[in-house]
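Engineer: Need coordinates for the below:
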Amino acid sequence: MKRIAVYCGADTGNDQTHQEATIALAHYLVDHQLELVYGGGGVGLMGLLANEVLDAGGKVHGVMPKQLVDRSAAFTRLTDLKIVDDMATRKATMLSLADACIALPGGPGTLEEIIEAFSWARIGNNTNPCIFFNVSGYYDPLKTMFDEMTKKDFLTAEDRKKLLFSDSLDEIFEFIATYQPPKIRTYVQ
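Structural biologist: Sure thing, here's the model as predicted:
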């Protein structure tokens with residue numbers, strides 16, 4: 001394991017624990033010689049995460065669509081920045097560069113990116129583990145939704161075990177270290 005994709009807010013939110021968890025994750029990555037792959041922005045939790053990793057001596061790889069670069073959203077301190085055509089290419093590129101995916105608190109974009117990564121894992125297009133860093137219970141309603149999907153047979157119990165909700169970095173990285181991708185779905189007509 002070398003690189004971790006982290007999805008997070010372009011805003012800091014109004015809960016200090018989310019910022020503290022972002023800083024803790026940044027230092028965990030650097031302390032364990034793991035490089036950050038993220039959306040390339042310099043504001044919100046994204047900027048906080050990138051700055052903390054860089055300030056601690058780590059490497060940060062940004063991936064950003066040209067449209068956002070043109071609007072001056074790109075962070076200038078990065079180890080490297082890949083400029084891609086669109087958001088779909090950004091998401092695929094981030095997955096290809098990373099060995100695991102973690103979602104810090106964030107908004108609809110954060111949620112969409114990690115959900116897509118998990119969905120792709122179920123069809124065989126992503127071998128990376130997907131984790132919700134569930135700081136202060138931020139993702140509890142979503143965890144309940146995934147449990148309901150499983151209860152209603154829209155998600156297998158086996159695949160549900162392939163998605164972690166945790167507020168413990170030790171548990172998160174143990175999950176990553178022992179992860180086996182879901183079996184590729186097959187369909188019977």
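
Engineer: In stretch 66-77, which residues are buried?
Structural biologist: Across stretch 66-77, burial judged by 16 or more other Cβ atoms under 10 Å covers 68, 73-75. (Glycine included, C-beta is placed from N, CA and C.)

Engineer: Leu36 belongs to a strand?
Structural biologist: Yes. Membership of Leu36 in a strand is supported by DSSP: H, G, I helix; E, B strand; the rest coil.

Engineer: Can you verify Ile184 is assigned to a strand?
Structural biologist: No. Read with three-state DSSP, Ile184 is coil and lies in no strand.

Engineer: Would you map the strands across this structure?
Structural biologist: 3-7, 35-38, 60-65, 80-84, 100-103, 130-133, 163-166 (DSSP state E).

Engineer: Any chance of CSV for those, columns mean neighbour count?
Structural biologist: Formatted as CSV, the strands of the chain follow (neighbours: other Cβ atoms under 10 Å):
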stretch, mean neighbour count
strand 3-7, 26
strand 35-38, 24
strand 60-65, 23
strand 80-84, 16
strand 100-103, 26
strand 130-133, 26
strand 163-166, 20
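
Engineer: wait, which of the ones you listed is closest to Gln16?
Structural biologist: Proximity to Gln16 (Cβ to Cβ) singles out strand 130-133 among the strands of the chain, at 15.4 Å.

Engineer: which helices and strands sit right next to that closest one?
Structural biologist: Secondary-structure packing of strand 130-133 (3 or more Cβ pairs under 8 Å, 6 or more residues apart in numbering; DSSP states H and E): strand 100-103, helix 108-123, strand 163-166, helix 169-178.

Engineer: What average pLDDT does the third one get?
Structural biologist: Just to be clear, that refers to strand 163-166. Mean per-residue pLDDT for strand 163-166: 98.

Engineer: what packs against it?
Structural biologist: strand 130-133, helix 140-151, helix 169-178.

Engineer: Would you format the ones you listed as JSON lines with distance to Gly106 and mean pLDDT included?
Structural biologist: Converted to JSON lines, the helices and strands packed on strand 163-166 look like this (distance: least, Cβ to Cβ, whole Å; pLDDT from 0 to 100):
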{"stretch": "strand 130-133", "distance to Gly106": "10", "mean pLDDT": "98"}
{"stretch": "helix 140-151", "distance to Gly106": "12", "mean pLDDT": "98"}
{"stretch": "helix 169-178", "distance to Gly106": "16", "mean pLDDT": "97"}
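
Engineer: Of all those, which one is nearest Leu81?
Structural biologist: Proximity to Leu81 (Cβ to Cβ) singles out strand 130-133 among the helices and strands packed on strand 163-166, at 23.8 Å.

Engineer: Thanks a lot, see you next time.
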